[in-house]
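A.B. asks: sequence first, predicted model second:
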There are 2 protein chains.
Amino acid sequence: MKQKIQIGLCGLGTVGSGVVQILQDHQEQIRYKLGCEVEVAKVLVKNKEKKREYIGDAGILTTEPADITDNPAIDIVVEVMGGMDDTYQLLERSIRNRKHIVTANKDLMAEQGDKLFALSQEYNTDIYYEASVAGGIPILRTLSDGLASDKIQKVMGIVNGTTNFILTKMTDENLSFEPVLQEAQALGFAEADPTSDVEGLDAARKMTLLANLAFKMPVAYEDVEVSGITSITQEDIDFAGRLGYQMKLIGIAAMDDGKVEVSVEPTLLPTAHPLAQVKNEYNAVYVYGQAVGETMFYGPGAGGLPTATAVVSDLMEVVKNVRLGVSGKAYVTPQYKKALKDNTQKHAKYFVRVEAEDQTGAFHAVTNVFAGENVSFAKILQLPHANSKTAEVVMVTHKHSKQQIENSIQLLEKLNVVKRVISCYRVDGED
Amino acid sequence: MKQKIQIGLCGLGTVGSGVVQILQDHQEQIRYKLGCEVEVAKVLVKNKEKKREYIGDAGILTTEPADITDNPAIDIVVEVMGGMDDTYQLLERSIRNRKHIVTANKDLMAEQGDKLFALSQEYNTDIYYEASVAGGIPILRTLSDGLASDKIQKVMGIVNGTTNFILTKMTDENLSFEPVLQEAQALGFAEADPTSDVEGLDAARKMTLLANLAFKMPVAYEDVEVSGITSITQEDIDFAGRLGYQMKLIGIAAMDDGKVEVSVEPTLLPTAHPLAQVKNEYNAVYVYGQAVGETMFYGPGAGGLPTATAVVSDLMEVVKNVRLGVSGKAYVTPQYKKALKDNTQKHAKYFVRVEAEDQTGAFHAVTNVFAGENVSFAKILQLPHANSKTAEVVMVTHKHSKQQIENSIQLLEKLNVVKRVISCYRVDGED
């Protein structure tokens, strides 16, 4: 058995530095658990001259990918530099040179993971990516190991810290989207270009990875139905609150009768639901298993040290596998053919806000449209609209197909008495 | 490699039947993940004649332990029958016959786990016991794998469903202990003899196992300081609520400067704390890691199918290890010598209720005692006692040593103006 495992680290930003720091701080612990040394042999950086904390010997820094991908001394490549096509090339070449991969790159895994999995199977190497989903929560491991014997029916989660921070602020402090986004940017919780977060794309990538693992089905990023939080208003949040709901950006992956739906969209949850209580930049993933029932995993969604911890945990698993000679048998490859639900097969409750003329029969005309589509209601609230010339109707439907709801909304928009459909959100987490 | 792994199942109650059911229902899935068959070869029962669902061939039933312990065909013994000394004998003999163990028996593991671990190390066999702690939550696996590279500082949890059910009812419906206990018994959430649950002993056993794993230190069941929920009153819960706290039975295992404290006691948590939101029979374990920060795992604490799921997950790990020839390297054996904190080294905030004479200077005399012990307050509430002849003082201290608080209470009880110290609870989950 090897007595020393050598790592090629790609990227030395917050996460990369965190990995080096943890490996140093927990050297003794790690040696005890693995029975061998883990050494960072090479670090790929953009700028070799920059001063680096935690790096004793500047000679291990390189700007040349081949120093890692083609370095026969290196057993495991830890990729925490981000990026898409160049990074793919680097990992592909590493795998072909029979190196194992640990990556925190959710964009890459969500979009090209299938190719990397196939390649690592061919070369009998490991590829671990726990850190790419919900940084501090060991959810991939839980889905693939802990609940292995259960049939997972639904995974539902808050998997983006930025949007959860923004929605928490909007809810608790009654603020609108724009100023809260600016504050989040000032605090470093949102990026200068927040598109990927606020449009739900980041969450969609994570749901892709979770859905693949939960259902053992090759769901693609393009299969995820996404809508973000930019058009959520204070009024939406306020009306939701009056009806007992909290607004959250929720990723859902659910399977019924062998067919899967994956979505990321603003969703109303009952205030008492555990996910409704997840505040600020925290993430949480709810898993419904046939046998185990409801379980939830809660933790920091991102951040240098939580993500670095996940990377090091993965690294330790890969090291164990190397030493035991059992690499390439870890995470599950897709077992089922892709089968997605159509809109007649997706069922949920919906919250619908309509602005209507304040005249006799308007309310009846609105409810008549829903009745025509066989949509019935759990809750209805009617009140004068803020401009006082029109009326506002807020409804929560019973569980119906997405098709029925979309049909109803289209018909509503054609009604003379309806000024506009203000908003329509999924409601989840209650029967 | 073996193409079929044979199981000896001990016990065919709710959990045992669940195990058989899951193995049957998920046969295909399990074969795919393991690459081999898993067969229940023998089942130890008390009564062979009883009709059993899920058991096709009654010939596999036996009342003779040796049919399992001494059966050369059996690779893995799954123990879900409970019991202490006889069960220990059965497992010991099984290990000596080089069988691997999966057990859901927390009493046995908390009290004799160390001996079984030592023995399984000697014989190079696996012993997995995830199901013994918090049934549906894969917390042991998370502590030993997922957060492996992190330094765990504190584990804090609701690890007993019965007491959480009772406290939830007492809080939400403003009821007292006795009628709620009776309801819990009627609903099957509490046993006829509820001592082990309501006195905190069950929780203490689980905390023993969690502390061992989190700190890699051989903490014994006897080292856990335990108090139960039987003397909690509606007034305690009510006053806690007025000060913004929820009463929960909380197990705590914390390490500072290499020294450990483990306790189970009624504890007040800020209402917004995620553990305060865990209701009814649900369990949740909060883990504070140096790097990862706060994470929480939530799920059903017990129940036939959740526990059976945990058993089968363990079983699958053990099967993988058998097939890969890497048994006996799983969970961590103690790495550090036992070092427990004394009362001067345990620090917490405390909630103290005192009934005092309603006379000038009484309040001053009470606070004077605390001042003498250098104990200061975060919150004080003074009001007439229900009997209106005395005054009640409710205080929440700043963080002080347990020794300081105990000294203060002893001195208070000697004060002439103090009728009695009504209650004293730890406060946690806030700075």
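C.D. replies: Arrived safely, thanks for sending.
A.B. asks: hmm, the least confident helix or strand in chain A by mean pLDDT touching chain B?
C.D. replies: Across the helices and strands of chain A, the lowest-confidence element by mean pLDDT, DSSP states H and E is helix A:27-34, at a mean of 78. Yes. Legend: contact between helix A:27-34 and chain B by CB under 8 Å from any CB of the partner chain is shown at A:29-30, A:32-33. (Glycine included, C-beta is placed from N, CA and C.)
A.B. asks: top helix in chain A by residue count?
C.D. replies: Scanning chain A for the longest helix, with DSSP state H as the assignment, gives helix A:304-324.
A.B. asks: got the CA coordinates for stretch A:226-242 in CSV?
C.D. replies: In CSV, the C-alpha atoms belonging to stretch A:226-242 read as follows (Å, rounded to 0.1, in the frame of the first residue of the first chain):
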residue,chain,number,x,y,z
VAL,A,226,-36.4,27.4,-13.8
SER,A,227,-37.8,30.7,-12.7
GLY,A,228,-35.9,33.1,-10.5
ILE,A,229,-36.8,35.6,-7.8
THR,A,230,-36.5,38.9,-9.6
SER,A,231,-40.2,39.5,-10.1
ILE,A,232,-41.3,38.6,-6.6
THR,A,233,-42.9,41.7,-5.0
GLN,A,234,-43.5,42.7,-1.4
GLU,A,235,-47.2,42.3,-2.0
ASP,A,236,-46.7,38.7,-3.0
ILE,A,237,-44.7,38.0,0.2
ASP,A,238,-47.3,39.9,2.2
PHE,A,239,-50.3,38.0,0.8
ALA,A,240,-48.5,34.7,1.2
GLY,A,241,-47.9,35.6,4.8
ARG,A,242,-51.5,36.4,5.4
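A.B. asks: that stretch: which residues count as buried?
C.D. replies: Neighbour-count burial for stretch A:226-242, counted by 16 or more other CB atoms under 10 Å in any protein chain shown, picks out A:226-230, A:232, A:235-237, A:239-240.
A.B. asks: ok, now stretch A:266-286?
C.D. replies: A:266-269, A:273-279, A:281-286.
A.B. asks: for the stretch 301-431 of chain A, just list every one of the strands.
C.D. replies: A:347-357, A:377-384, A:390-397, A:400-401, A:418-427 (DSSP state E, counting those that start in this stretch).
A.B. asks: dump those strands to CSV, plus mean neighbour count and distance to chain B.
C.D. replies: Listed next are the strands of the stretch 301-431 of chain A as CSV, based on neighbours: other CB atoms under 10 Å in any protein chain shown; distance: least, CB to the nearest CB, whole Å:
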stretch, mean neighbour count, distance to chain B
strand A:347-357, 22, 22
strand A:377-384, 14, 22
strand A:390-397, 21, 23
strand A:400-401, 20, 29
strand A:418-427, 19, 20
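A.B. asks: out of these, flag the one nearest residue B:15.
C.D. replies: Evaluated over the strands of the stretch 301-431 of chain A, closeness to residue B:15 peaks at strand A:347-357, with 33.3 Å, by CB to CB.
A.B. asks: ok, the nearest residue to residue A:317 once chain neighbours are set aside - contacts?
C.D. replies: Nearest non-adjacent residue to residue A:317, counting by CB to CB, 6 or more residues apart in numbering or on different chains: residue A:128, 6.2 Å away. By CB atoms under 8 Å, 6 or more residues apart in numbering or on different chains, the contact list for residue A:128 reads A:100-103, A:314-315, A:317-318, A:330-331.
A.B. asks: residues near residue A:70, how many?
C.D. replies: Applying other CB atoms under 10 Å in any protein chain shown, we find 14 residues neighbouring residue A:70.
A.B. asks: pLDDT below threshold where in chain A?
C.D. replies: Residues of chain A that meet the criterion pLDDT under 70 lie in A:1, A:135, A:145-149, A:324, A:329-333, A:387.
A.B. asks: show me it divided up by domain.
C.D. replies: What automatic domain parsing lists as the domains of chain A is A:4-135+A:304-324, A:139-299, A:347-427.
A.B. asks: nearest residue to residue A:265 other than its sequence neighbours?
C.D. replies: Per CB to CB, 6+ apart, closest to residue A:265 is residue A:227, 4.7 Å.
A.B. asks: format the strands of the stretch 301-431 of chain A as JSON lines; extra columns: distance to residue B:5.
C.D. replies: Converted to JSON lines, the strands of the stretch 301-431 of chain A look like this (distance: least, CB to CB, whole Å):
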{"stretch": "strand A:347-357", "distance to residue B:5": "40"}
{"stretch": "strand A:377-384", "distance to residue B:5": "49"}
{"stretch": "strand A:390-397", "distance to residue B:5": "50"}
{"stretch": "strand A:400-401", "distance to residue B:5": "44"}
{"stretch": "strand A:418-427", "distance to residue B:5": "44"}
